Each structure stands twice: as structure tokens, then as C-alpha cells.
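[1] Sequence and computational prediction follow.
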Amino acid sequence: MNYIKKTVFLFLASISFLSATSTDNMSTKEKVNRIYEHFDSMTTNYELMEGESTKQLTEVLENNITIFKDQIINLINSDKNIINQTNNKGKNETFLIRAAASNQIDIIDILLKKGANVNATDLYEQTPLMVAAMKDAHVAMALLLKHGADITRINNKGKTVLGMVDTHLDANKTATKKTIRLLKTALMYLYITRAALFLFGVLLVLWLESIGWGINFYLSELTQIRD
């Protein structure tokens, strides 16, 4: 019963807090801090929801998460200067890294469309792709890769995203198998693209050399005719 009261109180307090918030008179720094507060509140609600079997409580927590998510989106839309701001109190994370860590697809999509740095790194030199992969967040990973996430980047321990997954996750878990398959497919596509570009470059050089040889041959023939 106390748990129910606690959760309902949290929901009502959140509504009261958010309804009193006006973005019009907030500085960029205040907006940044508020967004991170909302991310933390969303994380708290997700943690409360884990293992919760009561339908009523689950709905309250889901509504709570939706409210915080909407507030984050509104704040992001209100100021173009905050897209790549970091949380100096924590792991130096950008909003995109936090969104990837909590698998918030709609927030990730908005941030990427507004120009968020897809390869930004936190205190441990981890990119949004690395954070999403460690959560087996496949949709978030696909979205990040689509927008140019670098699969070859390494963290402060010298590991790529694939190396991190191999080291820290259970390779026998179905979700992790899908993560590894997605990363390997992206890596293969990268290598094929690089190989194709290299081959194109070689062919272009050969073509230009053949044109140069043809011009020289024509000029030499022309000179002989004149002589």
C-alpha cells in the first residue's frame, strides 16, 4: 500500500512540477539542467516499473514517463543551442547518449534530425552507438548507424563497440545475438563500401592515365605529320 501511495505521489508531484515549468524565461543552461532532470526522472520510473505486476501502477508509471519525454522534446525544440550540450555533473554525456542509454527512439530521432553529433563521446569515450549496443537497443542502433555512427571508434579502454559487446554481454542471449549480427552487418557494409571506393579510385586513376597517354600520342602523331 505504501508503494502505491509513493508511486501516485511521485506521479502527482511530477505533474505539478512540470505544469509550473515555463521554458520561455529559462536560460540555455537552465534548459539543459532541466532536460537531464527529466531523463533522471524517466530512469527512476523505469526502475519502479521493473517487475511491477499491478496494471494500475504500471499505467501510472507509463504516463509519468510520457510526460517527462514530452517535456524533453519541448525543451529540445525550444532552443537550437542545446542539442550537443553535456552534463558536466555526471559522465559528460550528451542528450543523444542519454537517449540511447534509455532507448528513447523518438528523442533520438529528433536529436539526429536537429543535428546532434552522432559520434559524440562521454567521459569514457563511449559513443551513443556503444551505449545503445550495451543495452541491446536494436532500433536505436539501426537509427544511429543510418545517421553515420562510426562503428570503428574506440573507447578509453581501446575497445570498439563490437569488442565491448563481446566482452561484457552474454553472447548466447537472443537479444545480444541480434546486436552482434547487426554490428557485423554494419561492419561488413563499411568494408565493402571502402573497398568499392578504393577500386573506383584505382579505375579513375587508370582512366585518367589512359586519357593522358592518348593525348600525348595524338600530339606526337600530329607533330610528325607537320614535320
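    Thanks, I have it. Numbers count the residues shown, from 1 in each chain.
[2] Give the buried residues for the one helix or strand I73 maps to.
    Assessed by DSSP states H and E, I73 sits inside helix 55-78. Buried residues in helix 55-78, counted by 16 or more other CB atoms under 10 Å: 57, 60-61, 64-65, 67-69, 71-73, 75-76. Every residue, glycine included, has its C-beta placed from N, CA and C.
[3] how's the protein carved up into domains?
    Domain ranges of the chain: 1-80, 83-227, per automatic domain parsing.
[4] and the gap between the residue nearest the centre of the chain and A137?
    Of all residues in the chain, the one closest to the mean position by CA atoms, centre = their mean is P128, 4.0 Å from it. P128 is 10 Å from A137, where distance means CB to CB, to the nearest Å.
[5] any common contacting residues for those two?
    Shared contacts of P128 and A137, defined by CB atoms under 8 Å, 6 or more residues apart in numbering, are found at A100.
[6] now the longest helix seen in the chain, how far from the centre of its chain.
    In terms of residue count, the longest helix belonging to the chain (DSSP state H) is helix 174-226. Distance of helix 174-226 from its chain centroid, counting by CA atoms, centre = their mean, to the nearest Å, is 31 Å.
[7] Packing partners of it?
    Contact partners of helix 174-226 among helices and strands, from 3 or more CB pairs under 8 Å, 6 or more residues apart in numbering; DSSP states H and E: helix 138-146, helix 161-168.
[8] Check those helices for me and report the most buried one.
    Ranked by mean neighbour count, the helices and strands packed on helix 174-226 are led by helix 138-146 with a mean of 19 (mean count of other CB atoms under 10 Å).
[9] Not counting that helix itself, show me its contacts.
    Contacts of helix 138-146 (CB under 8 Å, 6+ apart): 99-100, 103-105, 108-109, 112, 118, 128-129, 132-133, 149, 151, 175, 178-179, 182-183, 186.
[10] Which of those fall in helices?
    Short answer: the contacts of helix 138-146 in helices (DSSP H) are 99-100, 105, 108-109, 112, 128-129, 132-133, 175, 178-179, 182-183, 186.
[11] related to what we said a few turns ago, what pLDDT is listed against the residue lying closest to the residue nearest to the centre of the chain once chain neighbours are set aside?
    Leaving out its chain neighbours, the residue that sits closest to P128 by CB to CB, 6 or more residues apart in numbering is A100, at 4.0 Å. On the pLDDT scale, A100 is placed at 91.
[12] again, but for H147
    On the pLDDT scale, H147 gets 94.
[13] neighbours around it, how many?
    Number of residues near H147 (other CB atoms under 10 Å) recorded here: 17.
[14] What distance separates the opening and closing residues of stretch 142-156?
    24 Å (CA to CA, to the nearest Å).
[15] roughly how far is it from the heart of the chain?
    Per CA atoms, centre = their mean, the centroid offset for stretch 142-156 relative to its chain is 8 Å.
[16] same check, this time on stretch 105-119
    7 Å.
[17] what residue ranges in the protein score low on pLDDT?
    1-24, 51-53, 88-90, 226-227 (pLDDT under 70).
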